[in-house]
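**Q** sequence unknown, structure follows:
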């Protein structure tokens, strides 16, 4: 199994941590992990150099035999499956998935459409509304529209609000704003990470997450909760300062658990996801309403990530989780081979 990690993304370092956790948990009696790192420049590294980016104890578990990737079906060599442990653009957004589809190679996770829709928060929320899923209102704008649309954004969203790059994860590029000055600066900042930006109203709410696993018949885990001591769950809270408490399973009423699990599966299907996803929610404190925030089609797999923690609390260990993802990838690839390419 080739494990892709790194990538042309501001989530490059997070991807390396995810890959290390995946390889470390892999059942070495059943699977051989071949590390393939992608540099920030986009250059793909051979296994021996790729292993040098991983912790020594993980690198020791890797297979370092040469591999070949080709866009033509049947020409790739040295592996039979790809686990794209890539987060953000040029990895989680459908680009790599499209290449692997062209190469006729099985891979873990969603295909081109699900990956692309899961990456673009504007398109994602439009699909949520199309499927009548409760979600926060938002405004989308291009980064060159800032001056002309500040008044419209203030009227629609009010303050406080959150400004985000439309195509990014791990809370990179996000700022909370409380004034026009803050809003303008936050849009300019988010525009450094993406050409499209979204603005959402802030909500006083609990932050809940739920993991989904499966292809045509997905199932949801027990939900977890993120309790942030100060501010919001930004990049530093996730990966640097560790000042957020992860409560798994979340302390919820049985009917809330069922509602969140149902909405998680509905959101997964609305985006045409496959394999896995983490669905993030808000439970508004004033009303108790459950709101779908977003879907992450390749959630973090680090040692502190919520996706494996939620499945562990649901009775599925990390090694077994990886094994099921591999099986789902082979099943989906087998189904794709049943599609006809001739008109008659």
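**A** Perfect, I can see it now. The structure displayed is predicted, hence computed values, not measured ones. Numbering: from 1, shown residues only.
**Q** phi, psi for residue 192 please.
**A** phi -70, psi -20 (degrees, to the nearest 10).
**Q** doesn't residue 173 make contact with it?
**A** Yes: taking C-beta atoms under 8 Å as the definition, residue 192 is a contact partner of residue 173 at 7.0 Å. (Each C-beta comes from the backbone N, C-alpha and C, glycine too.)
**Q** more neighbours: which of those two?
**A** residue 173 (23 against 10; other C-beta atoms under 10 Å).
**Q** state whether the more buried one is indeed within a strand.
**A** No: counting by DSSP: H, G, I helix; E, B strand; the rest coil, residue 173 falls outside a strand, being coil.
**Q** hmm, residue 165 and it touching each other?
**A** Yes: Residue 173 lies in contact with residue 165 (C-beta under 8 Å); the separation is 4.2 Å.
**Q** what's the overlap in contacts for those two?
**A** 190, 193-194 (C-beta atoms under 8 Å, 6 or more residues apart in numbering).
**Q** list the buried residues for the top helix by length along the chain?
**A** With DSSP state H applied, the helix covering the greatest number of residues in the chain is identified as helix 318-336. Neighbour counts over helix 318-336 (16 or more other C-beta atoms under 10 Å) mark 318, 321-326, 328-329, 331-333 as buried.
**Q** show me which pair in those is furthest apart.
**A** The most widely separated members of the buried residues of helix 318-336, counting by C-beta to C-beta, are 318 and 333 (23.3 Å).
**Q** before we move on, the earlier item: pLDDT for the buried residues of helix 318-336 - can I get that in CSV?
**A** Formatted as CSV, the buried residues of helix 318-336 follow (pLDDT from 0 to 100):
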residue, pLDDT
318, 93
321, 96
322, 95
323, 94
324, 97
325, 97
326, 97
328, 98
329, 98
331, 97
332, 97
333, 97
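**Q** now distance to residue 9 too, for the residues you listed, in TSV please.
**A** Below are the buried residues of helix 318-336 laid out as TSV (distance: C-beta to C-beta, whole Å):
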residue	distance to residue 9
318	24
321	24
322	22
323	27
324	26
325	21
326	24
328	24
329	22
331	28
332	24
333	25
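**Q** of the shared contacts of residue 173 and residue 165, which is the most crowded?
**A** residue 190 (25 neighbours).
**Q** just checking, that one touches residue 199?
**A** No: here residue 190 lies out of contact with residue 199, judged by C-beta under 8 Å, at a distance of 9.0 Å.
**Q** what's the overlap in contacts for the two?
**A** Common contact partners of residue 190 and residue 199 (C-beta under 8 Å, 6+ apart): 163-164.
**Q** before we move on, back to that, which ones among the shared contacts of residue 173 and residue 165 map onto helices?
**A** Filtering the shared contacts of residue 173 and residue 165 for helices - DSSP H - leaves residue 190.
**Q** nearest to residue 288, of the shared contacts of residue 173 and residue 165?
**A** residue 190 (30.7 Å).
**Q** rewinding a little: tell me which of the shared contacts of residue 173 and residue 165 is nearest to residue 54?
**A** Among the shared contacts of residue 173 and residue 165, residue 193 lies closest to residue 54 (C-beta to C-beta), at 26.3 Å.
**Q** do I have it right that the closest one meets residue 172?
**A** Yes: counting by C-beta under 8 Å, residue 172 is a contact partner of residue 193 at 6.3 Å.
**Q** need the residues touching each of those two.
**A** Residues touching both residue 193 and residue 172 by C-beta under 8 Å, 6+ apart: 10, 165.
**Q** contacts only, for residue 113.
**A** Residues in contact with residue 113 (C-beta under 8 Å, 6+ apart) are 94, 271-272.
**Q** swap the cut-off to 6 Å and go again
**A** residue 272 (C-beta atoms under 6 Å, 6 or more residues apart in numbering).
**Q** mind checking pLDDT for it?
**A** Looking at residue 113, its pLDDT is 97.
**Q** just confirm it is within a helix.
**A** Yes: the assignment for residue 113 (three-state DSSP) places it in a helix.
**Q** lovely, talk soon.
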